[in-house]
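*Asks:* Give me a 3D structure for the following:
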Amino acid sequence: MTTEAEIKQKSGANVNATFDTTMMTAANIRAESTCNVIARYNFSDTYATLNADVKGLLSDICSSLVAIEAISYDMSGYTSRTEAEDMVNINRDIALRGLSLLKDKKQQTFISGA
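*Replies:* Modelled structure (predicted):
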């Protein structure tokens, strides 16, 4: 539901390079599962039929959740632990905002009908 480029952008230039494509893919599957369970709707199976708005929201959530894992994997490359923690906090806030939209019953018709 997201791209490696978006994950790298959100995790920053100082992310540990050993958090590679395989690890990103595994983390993205967990992020997708989180979105599916929160919304009680399987976006993974219907992704191709979703509109751009819903795909954008899912990409934003998943890339933020994966970026949090990438940053937390090894914070030693960042200029300070505070820098890494700030990036985690920003990504957490983005993910929580998106997840709250997925949970909002007023949005369910829009999302599932998109």
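
*Asks:* which other residues reach the helix or strand containing residue 110?
*Replies:* Under the criterion of DSSP states H and E, residue 110 resides in helix 108-113. In this structure, residues lying in contact with helix 108-113 by Cβ atoms under 8 Å, 6 or more residues apart in numbering are 39, 41, 54, 102. Using the backbone N, CA and C atoms, a C-beta is placed for each residue, glycine as well.

*Asks:* Quick check: mean pLDDT of it?
*Replies:* Averaging pLDDT along helix 108-113 yields 74.

*Asks:* Determine how far it lies from the middle of the whole chain.
*Replies:* 20 Å (Cα atoms, centre = their mean, to the nearest Å).

*Asks:* Next: stretch 100-110.
*Replies:* Going by Cα atoms, centre = their mean, where stretch 100-110 is centred and where its chain is centred differ by 18 Å.

*Asks:* All the helices of this structure, in order from the start?
*Replies:* Listed in chain order, the helices of the chain (DSSP state H) span residues 4-11, 21-39, 43-46, 52-73, 81-103, 108-113.
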